Structures are given as C-alpha cells and as structure tokens.
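Engineer: Sequence below, structure please.
(one chain, ligands or ions: 1)
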Amino acid sequence: MIRGITKRWMLNTLSVIFTIIVLIVVSLILIVTYVFQNSVETQLNAACNELSLVFSGYTSDSYNDFTSAARDYVENFDQKEKMGVMVINPAGRVVITSTGFVPSESEKMPDFEDAKKRKDGYAFWSGKLSSGEPAMSETRVITNENDAIVGAIRYIVSMEPINSRILLADSAIILIGVIMLTLVVISGLLFIRSIVKPIRRLSETAAQIAQGDFSASEKIEHKYDDEIGDLCKAVSNMAKDLQTTEQMKNDFISRVSHELRTPLTAIKGWAETMQLSERGTLDRRTFDRGMSVIIKESARLTGIVEELLDFGRIQSGRMVLINEKMDILAEFDETIYMLKERASEAGVHLLYDEDDSIYPPIYGDRNRLRQVFINVLDNAIKYTPKGGVVAAQVIYSKDEPDVIKIVVTDSGCGIAPEDLPRVKEKFYKANQKVGGSGIGLAVADEIMNLHHGSLNIESGVGVGTTVTLTFPIYKEGQEKQMPENQNIKL
Ligand code: ADP
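Structural biologist: Sure, this is the predicted structure:
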C-alpha cells in the first residue's frame, strides 16, 4: 500500500503535473487538428479566389462560353494532386471533373446549394461523402452580368490523408505526454526513495537508541550533504550525547555509592573497635579519636545526602528559594570562617582579608547562597595540593556600582580548556582522581542564575582557577521581579 510521503506526493504534486500534462496534450491535439484543417481551407479559399480572374464578363446567353472556359480551366488546373475540381451547370449537375470521374447524381453538394443562396457566391462544406470518405469542399458560383448563374466551380479535397497525418501527430503528442509523465513519476519516486529510505532507517535506529542500544548510531550512513545529512548527523550526535550522559550517570551512581561507603566504613570500623574493646580498656585518646572520626564522617555523610537531596529537588523542580534582603559580605565571612579549619587540614593557605565596609544589600536566599560559597571554596581547597593558596575577595567597585563580586582564586591543578565549558554540567567531572559527585557546580550555577547573577570560571592547567560570582545589588521593587519560593529547574 502506498503511504506516507509517497502518497502525499502523488496526491499533491503528481496529480497537478498529470493534469497539466493532460491539458497540454489536449491543447496540442486541438491545435494540430485546427492547423491541418485550416491549411486545407486556406488552399480551397485561395483556389476559389483566383476564379474571379478566370471567369468574368459573361453575358446573359454565355453558358457555352462558360463551359468551354471551364473545360480549359480544369484541363490546365495545376493543383490536381492536392484537390479535385468540378464544373457544375446551373441545374446542379457535374459536367466536367479534373479526375474524369463524374459523381453520381445522388451525391449531395450542400456547398453548391449554399453558394447559390449567398450573396458573395461562396460556400464551404466539410463532411462525409456517400462513400463514407471524409472530405472538404468549396464552391463558387459564376454569374453573368444579370446576376444569373451560368455555372459553378467546386473544389473538393479528400480528408483521409490529412486525417491520418493528424492521427500520426496526435499519437506522437500523446506518446511524448506519456513519456514525460513516466519520467516525472520515475524521477519523483527515485527522489522520494532517497528521502524515505534513510528516514525509515533513521527511525529504526532512533528506536534502537531509545531502547538503550547506542551502538546503533554507528550504522547511520552519512551519504547526503543536505537536510537528510544534517538529520543523520543530529541523530548520531544525540546518540553520542545520550551515551555520554548515560555513562556520566552510571559513573555518578558508582561514585556516590563509593563516597557513601568510605565514611560508613570508617564509622563502622571505629564503632566496632569501641564495642569490642573491653569496657574501660580503651584509652581516652583513642576513644576521642574514634568519636571525632565518627562525628566527622557522619557530617560528611550528611553533606553528601544533603547534596543528593538538593539535586533530587532541583531535578523535580521542588526546590524553593526563600528570598530576602541580605548582606552578602557577612554571609561570605561566615562561610570562610567555617571552612578555615578544613583548609588548614588540607594544608592549603586560605587568604581572606576581613572587610569592615558596608556594601549594599542583595536580594536572595542566604542558605542557598551559602551553599554556592561552600561549593566554590570547597572545590578550590579540594583541587589545590598541599602548600597551595586559595585567595578570596569580595569586590564592590565604583566602576561597577550595580554588582557585587566574589572572586575565589586558587593555585590548584586547574581545568583543561576542553573540560572548562562542561564543568558546570550535571555529573561532569574533569578530575576523576579527586572525590566528588560532579553535581556541585551545576547546582551552584543554577542557584546563581536564579539570583539573576552569574558564575564564571577561568582556569589554566597547572596555573590555577578563578571563580567569579557576580550578584546584582538590591533594587527597589525587586521583590516583585524575584518572587519568593521560586522553583529551580535544571
Ligand atoms: P565535584 O563534586 O567533582 O567537585 P563539581 O560540580 O563541584 O563536582 O565540579 C565539577 C568539576 O569541575 C570537578 O570534577 C573538577 O574537575 C572541576 N573543578 C571545579 N572547581 C575546580 C577548581 N577550583 N580547580 C580545578 N578543577 C575544578
């Protein structure tokens, strides 16, 4: 069954082309028929017209003069091959013919009858002879000076050879029409095949990709350099992206599982040590160490779970922001204070000059912004080796009075240029050696966007990384533009 694009093409385009070709063929047939018939008429007319020169000036009793002049005329008639000529007496009987064959009296001559009645003395006839042969004839009556008929000359042409020529020309026209239509159908079907076939294959491949068989995209042929080619490229890129995302997701799950297992192992190990050791035999130092490991690792677990919960909320659009006018400097000071110990544990110098200035407020959710600061500072510490430096600064300059910037620079491993554009994507980790889920920056970037701010990263491998957070300062009426309880969609 014909369906899809082929059916649409047949209904829309082919039917129009078919109609046009049929119209052209019919018009050409009509034109050819007219031209052939008209040429016969013209010949008959031309012959009749010259008669006025031959037969003229007859007196009332000049029938005999006419007959002898007509005989001369018929004998010397030079178009005998094209047409027959006959001389008719006033009684309507054929007296002389160029063929020598006198038609029977029953043979009707409507043009002669008409010519007698007409003022100009001409009449034309087209029809079939009593023998069934198609013919065309024209008669001109010859009158004397008293307008009495002295006779008539009738030219007659058999239409049989002309009709067979018309038939031949018509057949050629129809044949050309059929050939044209066949060519249109063949080229159209080939063209449609070149579209439908790859699309059909592509939709099969897409179905396989949807089932999770990403290798199916390798079978996509890149034969065409057009829209179909673009579609093939788009599907194969989509498959690659899906595969990467799938891979990143799987890595993410195994990474998170690993991250959860490490503190759990430490907690379990210390708890078992404390339980197994006989009461009172565990010295105070070991007990304190065990407890601090348990507390620290539990806090780490809580952090990971919080991050996962946040990510879950973001994915499902359930995260709400509680916005208010806030002092960003105070919030950042506190975060630095919180992370000082973590930096010194990691052997990283955290440089930050506390600033007593009072900056204009911004409008945002303090907890979520603190989360952004922690993520950025934590990354800076995490990706900076022992002995390295992390420097943080809050900038409010007169040159840019509408924004407050927080700049965190580290002297860590840096990010390769090919990874830099992707580090803000969810699950993306450029550095697989250091722990982390790969969702921190994605969450931070989204939170910054929601505050109408931005998170920019500049980095060079071996040089270090600079993260700049830009916040617009609070403007009167901003509450209306940034309503509370916004949902974040990642
Ligand atoms: P992660 O949990 O892996 O730190 P993030 O989303 O916070 O995930 O960061 C994504 C990736 O960006 C990291 O895996 C790391 O490769 C890179 N990155 C982020 N911050 C820094 C930094 N300060 N120095 C070097 N690399 C960084």
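
Engineer: Could you use CA atoms for every contact and neighbour count after this?
Structural biologist: Will do.

Engineer: can you give me the helices for the chain?
Structural biologist: 4-9, 15-49, 51-54, 63-76, 110-117, 160-210, 227-276, 284-316, 328-345, 366-382, 440-450, 478-481 (DSSP state H).

Engineer: Against which helices or strands is the fourth one packed?
Structural biologist: What that stands for is helix 63-76. Of the remaining helices and strands, those touching helix 63-76 by 3 or more C-alpha pairs under 8 Å, 6 or more residues apart in numbering; DSSP states H and E are strand 84-88, strand 94-97, strand 149-158.

Engineer: Centre of the chain to that helix, how far?
Structural biologist: Taking C-alpha atoms, centre = their mean, to the nearest Å, one finds the center of helix 63-76 at 83 Å from the center of the full chain.

Engineer: oh, and call the first residue 152 from now on, that's how I've got it
Structural biologist: All right, first residue 152 from here; so that's helix 214-227.

Engineer: Can you give me the buried ones in it?
Structural biologist: Neighbour-count burial for helix 214-227, counted by 16 or more other C-alpha atoms under 10 Å, picks out 214, 217, 218, 221, 222, 224, 225.

Engineer: which non-adjacent residue is nearest the second one?
Structural biologist: Right, residue 217. In space, and not counting its chain neighbours, residue 217 is closest to residue 301: 6.9 Å by C-alpha to C-alpha, 6 or more residues apart in numbering.

Engineer: who's in contact with that neighbour?
Structural biologist: The contact partners of residue 301, taken as C-alpha atoms under 8 Å, 6 or more residues apart in numbering, are 213, 214, 217, 240, 241, 292, 293, 294, 295.

Engineer: Please identify which pair of those residues lies farthest apart.
Structural biologist: Greatest spacing in these, by C-alpha to C-alpha: 213 and 292 (14.3 Å).

Engineer: which one of these two has more residues nearby?
Structural biologist: When residue 213 and residue 292 are compared for neighbours, residue 292 comes out ahead with 28 against 13, by other C-alpha atoms under 10 Å.

Engineer: bridging residues for the more buried one?
Structural biologist: residue 303 (DSSP bridges).

Engineer: Pretty sure it sits against residue 270.
Structural biologist: No: here residue 292 lies out of contact with residue 270, judged by C-alpha atoms under 8 Å, at a distance of 10.1 Å.

Engineer: count of neighbours near the nearest residue to residue 399 once chain neighbours are set aside?
Structural biologist: Closest residue to residue 399 in three dimensions, ignoring its sequence neighbours and counting by C-alpha to C-alpha, 6+ apart: residue 578, at 5.8 Å. When counting by other C-alpha under 10 Å, one arrives at 24 neighbours for residue 578.

Engineer: and residue 578, what is it in contact with?
Structural biologist: With C-alpha under 8 Å, 6+ apart, residue 578 has these contacts: 399, 400, 403, 588, 589, 590.

Engineer: Now with 10 Å, please.
Structural biologist: Listed by C-alpha atoms under 10 Å, 6 or more residues apart in numbering, the contact set of residue 578 reads 396-404, 587-593.

Engineer: Tally up the residues packed near the nearest residue to residue 441 once chain neighbours are set aside, please.
Structural biologist: The shortest distance from residue 441 to any residue other than its chain neighbours is 5.5 Å, reached at residue 421 (C-alpha to C-alpha, 6+ apart). When counting by other C-alpha under 10 Å, one arrives at 20 neighbours for residue 421.

Engineer: repeat for residue 462
Structural biologist: 20.

Engineer: Same check on residue 426?
Structural biologist: Close neighbours of residue 426, defined as other C-alpha under 10 Å, add up to 11.

Engineer: now do residue 542
Structural biologist: The number of residues packed around residue 542, counting by other C-alpha under 10 Å, is 17.

Engineer: roughly how far apart are the closest residue to it other than its chain neighbours and residue 487?
Structural biologist: By the measure of C-alpha to C-alpha, 6+ apart, the closest residue to residue 542 outside its immediate chain neighbours is residue 502, 4.5 Å from it. When distance is defined by C-alpha to C-alpha, to the nearest Å, residue 502 is 9 Å away from residue 487.

Engineer: who's more crowded, those two?
Structural biologist: Taking residue 502 and residue 487 together and counting by other C-alpha under 10 Å, residue 487 has the greater number of neighbours (20 against 16).

Engineer: mind giving me TSV with the contacts of residue 301 and columns for pLDDT and distance to the ligand?
Structural biologist: Below are the contacts of residue 301 laid out as TSV (pLDDT from 0 to 100; distance: C-alpha to the nearest ligand atom, whole Å):
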residue	pLDDT	distance to the ligand
213	64	125
214	70	123
217	79	120
240	85	118
241	83	118
292	89	111
293	86	114
294	82	116
295	78	120
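
Engineer: Could you double-check that residue 372 lies in contact with residue 386?
Structural biologist: No: counting by C-alpha atoms under 10 Å, residue 372 sits too far from residue 386 to count as a contact (11.1 Å).

Engineer: Find residues that contact each of these two.
Structural biologist: Common contacts of residue 372 and residue 386, defined by C-alpha under 10 Å, 6+ apart, comprise 353, 380.

Engineer: which one of these two has more residues nearby?
Structural biologist: It is residue 386, of residue 372 and residue 386, that has more neighbours when counted by other C-alpha under 10 Å, with 19 against 14.

Engineer: if we can go back for a sec, need the residues touching each of residue 502 and residue 487.
Structural biologist: Counting by C-alpha under 10 Å, 6+ apart, the common neighbours of residue 502 and residue 487 are residue 543.

Engineer: Thank you kindly, that will do.
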